[in-house]
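Visitor: just to be clear, the model below is a prediction. Sequence and coordinates:
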Amino acid sequence: MLRSAPILLLIFILQSCSGGYSFTGGDVGAAKTVSIDRFNNIAPLVNPKLSQQFTESLQELLVRQTPLALTKVNGDLNFSGEIVGYEVKSEAPGANDQIAQSRLSITVKVRFKNFLDVEKDFEQIFSSYRNFPASSDLSSVEDVLVDEIIQEMVEKIFNRSLVNW
């Protein structure tokens, strides 16, 4: 009986903490569900896979790092927005006035609604980028760069909405 006491105490502590916090630091309050609208791509330059990839990455992160159940509509928390920028620019000059680096940037406008605590609502633009050698063809590095940028952005969005960073 004495050996099981610490285990029972640990179970009790874990159950009492299951309300609004996750082990990753996200505070969902009393929310039980989250809905994430499709982030349509309205950028002048369009990557045809970006809208679905971004939306699914945000969904996966929230489901993985919170106790929230994903619902199609009417979640206690809701994320919506648009991809407003997708661009490649020359960045760093190299020798003989040649371009040494190019930069892929993605910009997303996010609206977060917390229907249980409207004080936490926000609308914000998030942007991330990755540099790559100008000698590389974008199509040869694009998939890897987009994956990295999306992961960084959804973590920023998670932190802003649920960790309050």
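Guide: Looks like it arrived, so ask away. Residues are numbered from 1 along each chain as shown.
Visitor: tell me which element Leu45 falls in.
Guide: Using DSSP states H and E, Leu45 maps to neither a helix nor a strand.
Visitor: wouldn't it be in contact with Tyr86 here?
Guide: Yes: checked against C-beta atoms under 8 Å, the pair Leu45 and Tyr86 is within contact range at 4.9 Å. Where you see a C-beta, it was placed from the backbone N, CA and C, and this is true even at glycine.
Visitor: between these two, who's got more neighbours?
Guide: Tyr86 (20 against 9; other C-beta atoms under 10 Å).
Visitor: okay, now the closest residue in space to the more buried one that isn't next to it in sequence: neighbour count?
Guide: What sits nearest to Tyr86 in space, not counting adjacent residues and going by C-beta to C-beta, 6 or more residues apart in numbering, is Ala43, at 4.1 Å. Counted with other C-beta under 10 Å, residues neighbouring Ala43 total 18.
Visitor: ok, the one 4 residues further on next?
Guide: Other residues within reach of Asn47 by the criterion other C-beta under 10 Å amount to 17.
Visitor: over to Pro133?
Guide: By other C-beta under 10 Å, the residues close to Pro133 number 12.
Visitor: could you find the closest non-adjacent residue to it?
Guide: Per C-beta to C-beta, 6+ apart, closest to Pro133 is Gln101, 6.4 Å.
Visitor: buried sites along the helix ranked longest in the chain?
Guide: Secondary structure of the chain per DSSP state H: the longest helix is helix 138-158. Neighbour counts over helix 138-158 (16 or more other C-beta atoms under 10 Å) mark 142, 145-146, 149-150, 153-158 as buried.
Visitor: do the same with stretch 40-60
Guide: 41, 43, 47, 50-51, 53-55, 57-59.
Visitor: now do stretch 110-117
Guide: So for stretch 110-117, counting by 16+ other C-beta under 10 Å, buried means 110, 112-114.
Visitor: average model confidence for it?
Guide: What stretch 110-117 shows for mean pLDDT is 96.
Visitor: repeat for stretch 33-41
Guide: For stretch 33-41, the mean pLDDT works out to 98.
Visitor: now do the longest helix of the chain: distance to the chain's middle.
Guide: Relative to the chain's own centre, helix 138-158 is displaced by 10 Å; criterion: C-alpha atoms, centre = their mean, to the nearest Å.
Visitor: contacts for it?
Guide: Applying C-beta atoms under 8 Å, 6 or more residues apart in numbering, the contact partners of helix 138-158 are 26, 47, 49-50, 53-54, 57-58, 61-62, 65, 79, 88, 102, 104, 106, 108, 110, 112, 126-130, 132.
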